[in-house]
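1. predicted model, plus sequence, below.
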Amino acid sequence: MFIPETRELVGICKVEPVSFILLPVLSETASLWNLRSTEYVTEVMKESEVEEATELTELNGEKVKKERLILIGDIHGQYKEFKKLLRKVKYNKKRDQLLVLGDFITKGPHSLKVLQYLIDNDISCIMGNHEYYVLQNYAKYHGLPQPRFVNGTSLPFNAFGSFNDDPEFLLAKKLRPKHVEYINNCPVMRELGIVPLHSKKNLGKTGHAEGVAVHAGLKWDALKDLNEQDPEDCLEMRSYLAPFYNETTDNPDDKNAVSWSKIWNQKQKDGELDRSIVVYYGHDAGRGLKLKKYSKGLDSGCYKGDKLSAMVIWQEQVKHKVMYKEALVQQRC
């Protein structure tokens, strides 16, 4: 039996900033993308602010300049649907920054194809719980120390059913060093910079906020420094537990479990939290697409035959203002 060369694992970063800056585009350019964004328009910059942003961009010359950020929910090895979705959004790697929200492998039929495409096109990622399980299985198979988090600890090893029949173990056996390196370098969270802040019920001039991409969710009581977030919560949570909502669970049917995004949005709206953050996440196919003001759930169950979802974010210059816009694009699976 062929056994790929072993790749040593490195510490998994908890938080990384994105390595790009979005540049405003003209309305004529944005119209060519044919994206319906009228429900998702937020005016956030006046002329003086545009000049300041331009100066900041010039100072940060080390960052790649992009026109759009495209966030895609759980792909789960559905390579054909993934490629169809990219065609729908007119993805161009020179113009666009693509970020997959974890769980891009396992369950579906073409995990290695998805993984190879992400590597070949230098696509950004965050760690999902299934990527972490695969790394755990990889370490077990190759006799390596279990994966660990920078400024954190390893999670308990997860092996489901018979170890040799575990699909994540079977996938881990096939991984080559380049595959492992890519997965291992996916951080738990990415800070996205400024993103639109609005909802379908509250359109127009509603401001802006920080954006954070994470696979499952964030705890509301550890926002001053995101490195204080528990990686297990970030990878697996689906609900907070009442009455204090300071504990999490991955089982929405647990007693006193309440959707984390419901409590998160309420506390953000009430101004109770240290930071105003819009969270873009996946993981929760059971609840499906959930677009709220302070959270955007993009796992719409592609591996179950539902849809694969992308959120496209860009800045559009209209006269002397810059408007932050976003549009949802979906592909049936």
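-> Received, thanks.

2. residues touching I3, list them.
-> K173 (Cβ atoms under 8 Å, 6 or more residues apart in numbering). To be clear about C-beta, it is placed using only N, CA and C from the backbone, and glycine gets the same treatment.

3. could you find the closest non-adjacent residue to D306?
-> S300 (5.4 Å; Cβ to Cβ, 6 or more residues apart in numbering).

4. so the one you found: helix, strand or coil?
-> When classified by DSSP: H, G, I helix; E, B strand; the rest coil, S300 comes out as coil.

5. swap in K84?
-> Once three-state DSSP is applied, K84 turns out helix.

6. in the stretch 101-250 of the chain, which spans are strands?
-> Here the stretch 101-250 of the chain has its strands, by DSSP state E, counting those that start in this stretch, at 124-125, 189-196, 208-214, 239-241, 248-249.

7. and those strands: which comes nearest G282?
-> Of all the strands of the stretch 101-250 of the chain, strand 208-214 sits nearest to G282, with 8.9 Å by Cβ to Cβ.

8. same for that closest one, what does it pack against?
-> Strand 208-214 makes packing contacts with strand 189-196, strand 277-281 when contacts are defined by 3 or more Cβ pairs under 8 Å, 6 or more residues apart in numbering; DSSP states H and E.

9. in the stretch 151-300 of the chain, where is pLDDT below threshold?
-> With pLDDT under 70 as the threshold, the stretch 151-300 of the chain has low-confidence stretches at 152-154, 156-165, 199-207.

10. quick one: buried residues of stretch 257-265?
-> The neighbour-count check on stretch 257-265 (16 or more other Cβ atoms under 10 Å) flags A257, V258, S259, W260, S261, W264, N265 as buried.

11. re earlier: out of the helices and strands packed on strand 208-214, deepest packed?
-> strand 277-281 (a mean of 25; mean count of other Cβ atoms under 10 Å).

12. now the angle from it to strand 208-214?
-> 30 degrees (axes from the mean of the first three to the mean of the last three Cα atoms, to 10 degrees).

13. ok so, going back, I'd like the helices and strands packed on strand 208-214 as CSV, with distance to E326 appended.
-> Formatted as CSV, the helices and strands packed on strand 208-214 follow (distance: least, Cβ to Cβ, whole Å):
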stretch, distance to E326
strand 189-196, 5
strand 277-281, 10
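
14. how much space between the residue positioned nearest the centre of the chain and S239?
-> Centroid check for the chain by Cα atoms, centre = their mean gives L101 as the closest residue, at 2.9 Å. Using Cβ to Cβ, to the nearest Å, L101 is found at 18 Å from S239.

15. repeat that for P187.
-> For P187, the distance to S239 equals 24 Å [Cβ to Cβ].

16. and what of Q136?
-> Counting by Cβ to Cβ, the gap from Q136 to S239 is 24 Å.

17. next one: Y132
-> Y132 is 20 Å from S239, by Cβ to Cβ.

18. what about L135, how many neighbours?
-> Residues near L135, counting by other Cβ atoms under 10 Å, number 23.

19. nice, that's everything, thank you.
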